[in-house]
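# structure of the sequence below:
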Amino acid sequence: MTYSKKQYCYLTMAFSIFFTTVSYPQDVENGNLIVHQSPSPKFHNISLQSYKGLPRFGTLNSYIKKNNLGVYPRRQDPATLEKYRKVSLSYQNYFKMVTFKYLSDIYMDIDRDRLTKMPPTGTIGKQKNSYDAQKYLRSLLTLCVEEKCKNGLNGKNEFERLRNYKTFVSENLDDLKKWSYMFYTNNSVIGYYVSDLGLDSYDFDKNGYWANLNLNVNIVSSGSGGRVSTIFEPKADYERDLMNKINIDLRNQIHPLQIFLAMSPEKAEKLQLNKVRGLYLVKKVKLTYKEVVSGYSTLLTLTYHYESPILEIYEDMALTKKIGTLSLEELILKKQ
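Residues are numbered from 1 along each chain as shown. Below you'll find the model as predicted:
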């Protein structure tokens, strides 16, 4: 059976900067972090949150806990904020390193002795490759531990910038390239994608919630350095069947899809008393490299499909309070 390109776009989804992985020696800290250790003390380690021993993507655990009234405190603990900031930066660095790996061809043309000027529009070849390569290097400075490394492409004037650039390239570029080869070695990764599951009003006739499931296409910025996009490519029959059930164009969709989540009135009331206004949906997916395009804003494109039809639902972003499960094979969709 064949499907049109438009149909394939229906379940396209962006997974924020959090969609790539490494096959590199890993340590697990406190059972919830996968640490990809830098081969050099010059660079920060990259730590990803995990779920069931696999990388966690999408909505992250902010580590902020509700108070006794069931609400998040207005004033947040500085140590908690710093912990989350470091993890968020790790995800940015993670994405940058994977993109860096797939830009390896243009780095064969990089000028190590001079800063390449911006080529005219439409230019192709060595000059453009060198310019794009040098431009992307700036995004990797967040991996640096020491100030000398952080200032690699900066300076008060063109002479200082050139000196700093040449030093950065001679001391760090080859080490970064070697490290990047350790990422995404099989061009794919299996992990868990976590998304917010917005709840509508309780349906007393059906005993459950209609939950908002947003499948719109988004190109998510990774911060300085580029973007990442993911495209749904179904593999299993249940994925193709689900796609056939959707008869609206998600690219022009104003309201998200609504799926039914059965829940007893007692459980629903308990959630409301605990001031739970949304849930968290956990999907097991496989992400595969498709292409990277360098330029003004580098774009990495991945494809994905589901590794399991089972969707887990949690009350908390730490994924410790499980509500139940749904199956992609038996989803009830609300008619638009």
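
# all helices of this structure, in order?
Applying DSSP state H to the chain gives helices spanning 5-9, 78-102, 104-107, 126-137, 147-150, 158-168, 174-180, 237-245, 265-273.

# okay, those helices in CSV with mean pLDDT, mean neighbour count and distance to residue 231 next?
Placement of C-beta: from N, CA and C, glycine included. Converted to CSV, the helices of the chain look like this (pLDDT from 0 to 100; neighbours: other C-beta atoms under 10 Å; distance: least, C-beta to C-beta, whole Å):
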stretch, mean pLDDT, mean neighbour count, distance to residue 231
helix 5-9, 43, 12, 8
helix 78-102, 91, 19, 16
helix 104-107, 93, 16, 22
helix 126-137, 94, 20, 22
helix 147-150, 93, 14, 35
helix 158-168, 96, 15, 35
helix 174-180, 94, 17, 23
helix 237-245, 85, 14, 13
helix 265-273, 92, 13, 34
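
# among the ones you listed, which is nearest residue 37?
Residue 37 sits nearest to helix 174-180 of all the helices of the chain, at 9.8 Å, using C-beta to C-beta.

# pLDDT weak spots in the stretch 151-300 of the chain?
The stretch 151-300 of the chain contains residues with pLDDT under 70 at 214-226, 247-256.

# quick one: the strands in it?
Using DSSP state E, counting those that start in this stretch, the strands assigned to the stretch 151-300 of the chain run over residues 188-203, 208-213, 220-221, 227-232, 257-262, 278-293, 299-306.

# which among the ones you listed is found nearest to residue 133?
strand 278-293 (12.4 Å).

# direction included, what does that closest one pair up with?
strand 188-203 (antiparallel), strand 299-306 (antiparallel), strand 310-314 (antiparallel) (DSSP bridges).

# for residue 240, find the nearest of those strands.
Minimum separation from residue 240 across the strands paired with strand 278-293 (C-beta to C-beta) falls at strand 299-306, 10.3 Å.

# ok, the nearest residue to residue 311 once chain neighbours are set aside - contacts?
Using C-beta to C-beta, 6 or more residues apart in numbering and skipping residues adjacent in sequence, the residue nearest residue 311 is residue 326, 4.4 Å away. Residues in contact with residue 326 (C-beta atoms under 8 Å, 6 or more residues apart in numbering) are 259, 261, 281, 310-311, 313.

# residue 326 and residue 274: what is the separation?
According to C-beta to C-beta, to the nearest Å, residue 326 and residue 274 sit 21 Å apart.

# what does residue 46 give?
35 Å.

# so which of those two has more stuff around it?
Shown here are residue 46 and residue 274; by other C-beta atoms under 10 Å, residue 46 has more neighbours (25 against 13).

# looking at the closest residue to that one other than its chain neighbours now. What's its pLDDT?
Closest residue to residue 46 apart from its sequence neighbours, by C-beta to C-beta, 6+ apart: residue 36 at 4.3 Å. Residue 36 carries a pLDDT value of 89.

# who does residue 36 form a beta bridge with?
In beta-bridge terms (that is, DSSP bridges), residue 36 pairs with residue 26, residue 46.

# my guess is it contacts residue 45, does it?
Yes: with contact defined as C-beta atoms under 8 Å, residue 36 and residue 45 form a contacting pair (6.5 Å).

# look at the two and report which has more neighbours.
Neighbours per residue (other C-beta under 10 Å) separate residue 36 from residue 45, with residue 36 holding more: 23 against 16.

# how close does the more buried one sit to residue 183?
8 Å.

# check residue 48 too.
From residue 48 over to residue 183 (counting by C-beta to C-beta), the distance is 12 Å.

# overlap in contacts, those two.
36, 94.

# counting neighbours, what do you get for residue 313?
Neighbour tally, residue 313, other C-beta under 10 Å: 19.

# all set now, cheers.
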